[in-house]
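Participant: The following block contains a protein sequence and its predicted model.
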Amino acid sequence: EPMSSRGWTRWAWGWAVVGSLISLVASVAEAGEEGAVTRIAFGSCANQSAPQPIWDAIIKFDPQVFIWLGDNIYGDIRRPLQLFGKERTVGPWKNVPRFVPSSEQEMESRYERAKTNPGYSRLRQNAKVIGTWDDHDYGLNDAGKEFGGKVTNQRLLLDFLDEPKDSPRRKQAGVYASYTFGPVGKQVKVILLDTRYHRDPLFSDGSILGLEQWTWLEKELMGPATELTIIGSSIQVISNLSAATGPMFYLEAWGHFPKERDRLFKLIAESKRDGVFFISGDVHFGEIARYDCGVGYPLFDITSSGLTQAVEKAVPPPFNMAVRFMAWLTPSTMRVMSHNCRFRSCTFGQPNFGAIEVHWSENPVKLIIQVRDIHGHPVTSVNVPLSELRAYNGKPVAADTAGGYKRHCSLEVTLPWFIRYRLLIFLYCGIAVSFLAFLGIAYEVGSLCWKCLQKYKLD
């Protein structure tokens, strides 16, 4: 009996020691996470006049940082589509622009409405909010450096973001900025670009950032190393869907400025900076793109658009399946395709936000990046060990190497024409078949009417 009691005592002490060790490890892991940024949310395209229930899902995600990627409000005025009449906004007889700028007072009013949204107000209480702009909060659809209201609207955006009155952003030409979060060894650097203030005209293959911003960006990338570097661009960096959807419609992207995009990739490679990836907005759908031939390791571009504006909301619900089919049919050499995607195209045309999770306590450190729906459920995602975002040799790999097409490497413009324009071909064929069907039906109806008329005359 004494031996049995002694054995029980040893057993109890053993489990007590194990429990203490587990608690100690958990405490160490928790201490290691303290001060480190582990959750970042981002989004774009939020119409201040539309319902914004998505803030509930963002708040539930509990981000430490929230990043605006542009179209934070819709500040310009959109005229209705009108083919005929005194003011024609579309068609060959177009005589007035579809979009016109708002007054300063109207812009202030729209920012105030956005800032006092109950959901967004709750987020601001618990998260650090930073951001840049895109065209509609810049002041005019698709506008660049030529826009005259950019100085005033820069001040209004910075007021919306609660930028300090003595901030350098209030003195510079443009809203670009950088931030570093977390302790040494677990630092996250966020670089926000301004793709509007200095941008040359579309399709000019000129500059997006301008000389001053390029100089600043080089200094930021060549600066002290951080474990992660997030580059926020209001327009897509990796994907260039316009190469496959034109001339039906065009999406703004760095792909319209190939020299600038090549310069960006070259600068990242020369900086020998590891852990770089992009986040973007603008296009009214979510997707994840990847480019393997830029800097020696995969470059991801996570697009989240928009918080209220989305392509499937622009059409009646019965046509949503058609939108998803067109998204699947549109070729993309850069999109990350996965069985985990909500839809087969791995795009998401409903309201969404981006979510970044960094698991610092894991070895290797794990990065989970997702596009999430209005309920906070992931619709497309990538799980990447941080060790994979390390340069092999610091030199960019040529995309046009021998061997032809390479997934996540060959650009959309290099696709064979019948693949590149298959969406256009499908639509034209659909229109042709519909027209022929209409002619056939018209002929049958006409023939039936003629026979009835002949019978009436005989009677």
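Facilitator: Thanks, I have the structure now.

Participant: how about residue 131, what does it touch?
Facilitator: Residue 131 makes contacts with 67-70, 72, 157, 161, 192, as judged by CB atoms under 8 Å, 6 or more residues apart in numbering. Just so you know, the C-beta spots here come from the backbone N, C-alpha and C atoms, and that holds for glycine as well.

Participant: Show me the two of these that sit farthest apart.
Facilitator: Of all pairs drawn from the contacts of residue 131, the one with the longest distance (CB to CB) is 67 and 157, at 13.8 Å.

Participant: I'd like to know how many residues surround residue 82.
Facilitator: 15 (other CB atoms under 10 Å).

Participant: Quick check: chain neighbours aside, which residue is closest to it?
Facilitator: With CB to CB, 6 or more residues apart in numbering as the criterion, residue 82 has its nearest non-adjacent residue at 5.0 Å, and that residue is residue 89.

Participant: From residue 96, how far off is the one you found?
Facilitator: In this view, residue 89 and residue 96 are 6 Å apart by CB to CB, to the nearest Å.

Participant: host element of residue 354?
Facilitator: Assigning secondary structure by DSSP states H and E places residue 354 in strand 353-359.

Participant: to the chain's geometric centre, what's the distance from that strand?
Facilitator: Counting by CA atoms, centre = their mean, to the nearest Å, strand 353-359 is centred 13 Å from the centre of its parent chain.

Participant: residues contacting the nearest residue to residue 247 once chain neighbours are set aside?
Facilitator: Closest residue to residue 247 apart from its sequence neighbours, by CB to CB, 6+ apart: residue 424 at 8.0 Å. Applying CB under 8 Å, 6+ apart to residue 424 gives the contacts 245, 247-248.

Participant: try residue 67
Facilitator: 40-43, 130-131, 190, 192, 230, 232, 279.

Participant: 6 Å instead, please
Facilitator: Residue 67 makes contacts with 42, 130-131, 232, as judged by CB atoms under 6 Å, 6 or more residues apart in numbering.

Participant: For it, what are phi and psi?
Facilitator: The phi/psi pair for residue 67 (degrees, to the nearest 10) reads phi -120, psi 120.

Participant: How much space separates it from residue 312?
Facilitator: Counting by CB to CB, the gap from residue 67 to residue 312 is 24 Å.

Participant: All the strands of the stretch 201-350 of the chain, residue numbers only.
Facilitator: Listed in chain order, the strands of the stretch 201-350 of the chain (DSSP state E, counting those that start in this stretch) span 228-232, 276-280, 287-291, 299-303.

Participant: quick one: which of these is nearest residue 336?
Facilitator: strand 287-291 (4.4 Å).

Participant: Pick out the most distant pair among the contacts of residue 67.
Facilitator: Between any two of the contacts of residue 67 (CB to CB), the greatest distance is 9.6 Å, for 42 and 130.

Participant: Those two: who's more crowded?
Facilitator: residue 42 (26 against 20).

Participant: pretty sure the more buried one is touching residue 356, no?
Facilitator: No: counting by CB atoms under 6 Å, residue 42 does not reach residue 356; the two are 7.5 Å apart.

Participant: any residues touching stretch 97-104, and which ones?
Facilitator: Here stretch 97-104 has contacts from 75-79, 89, 139-141, 149, 152, using CB under 6 Å, 6+ apart.

Participant: That one: end-to-end distance?
Facilitator: Counting by CA to CA, to the nearest Å, you get 20 Å between the two ends of stretch 97-104.

Participant: So which residue is dead centre in the chain?
Facilitator: Among the residues of the chain, the one closest to the centroid is residue 303, at 2.1 Å (CA atoms, centre = their mean).

Participant: Distance check, that one against residue 259.
Facilitator: Counting by CB to CB - residue 303 and residue 259 are separated by 22 Å.

Participant: And for residue 88?
Facilitator: 36 Å.

Participant: between those two, who's got more neighbours?
Facilitator: Neighbour count, other CB under 10 Å: between residue 88 and residue 259, residue 88 has more, with 16 against 11.

Participant: That one is in contact with residue 94, isn't it?
Facilitator: Yes: under the criterion of CB under 6 Å, residue 88 makes contact with residue 94 at 5.2 Å.

Participant: so where is this protein shaky, pLDDT-wise?
Facilitator: Scanning the chain for pLDDT under 70 picks out the ranges 1-34, 392-404, 459.

Participant: Show the residue spans covered by the helices in it.
Facilitator: 2-33, 55-61, 104-115, 118-126, 135-138, 150-160, 210-221, 242-245, 258-271, 320-329, 417-420, 422-458 (DSSP state H).

Participant: Show me which positions of the longest one end up buried.
Facilitator: Of the residues in helix 422-458, those with enough neighbours to count as buried (16 or more other CB atoms under 10 Å) are 422-424.

Participant: quick one, that helix and helix 320-329 angle?
Facilitator: Angle, helix 422-458 to helix 320-329, by axes from the mean of the first three to the mean of the last three CA atoms, to 10 degrees: 140 degrees.

Participant: Please apply the same query to the fourth one.
Facilitator: For helix 118-126 against helix 320-329, the angle between stretch directions is 50 degrees (the same axes, to 10 degrees).

Participant: Make 677 the starting number, not 1.
Facilitator: Renumbered: residue one is now 677, and that last one reads helix 794-802.

Participant: Figure out how far helix 794-802 is from the centre of its chain.
Facilitator: Using CA atoms, centre = their mean, the offset of helix 794-802 from its chain centre is 22 Å.

Participant: can you check the longest one too?
Facilitator: Between the mean C-alpha point of helix 1098-1134 and the mean C-alpha point of its chain there is a distance of 44 Å (CA atoms, centre = their mean).

Participant: Which residues outside stretch 1128-1135 are in contact with it?
Facilitator: Outside stretch 1128-1135, no residue touches it (CB under 6 Å, 6+ apart).

Participant: starting at the chain centroid, how far to that stretch?
Facilitator: 66 Å.

Participant: again with stretch 948-962
Facilitator: 7 Å.

Participant: Can you measure across that stretch, start residue to end residue?
Facilitator: From its first residue to its last, stretch 948-962 covers 29 Å (CA to CA).

Participant: gap between the residue lying closest to residue 925 once chain neighbours are set aside and residue 1091?
Facilitator: Leaving out its chain neighbours, the residue that sits closest to residue 925 by CB to CB, 6+ apart is residue 918, at 7.9 Å. Residue 918 sits 13 Å away from residue 1091, taking CB to CB as the criterion.

Participant: what do you get for residue 799?
Facilitator: Taking CB to CB, one finds residue 799 at 41 Å from residue 1091.

Participant: For residue 990, which non-adjacent residue is spatially closest?
Facilitator: Using CB to CB, 6+ apart, the closest residue to residue 990 is residue 960 (7.5 Å).

Participant: and what of residue 755?
Facilitator: Residue 755 sits nearest to residue 765 (CB to CB, 6+ apart), 5.0 Å away.

Participant: Next, give phi and psi for that neighbour.
Facilitator: The phi/psi pair for residue 765 (degrees, to the nearest 10) is phi -100, psi -10.
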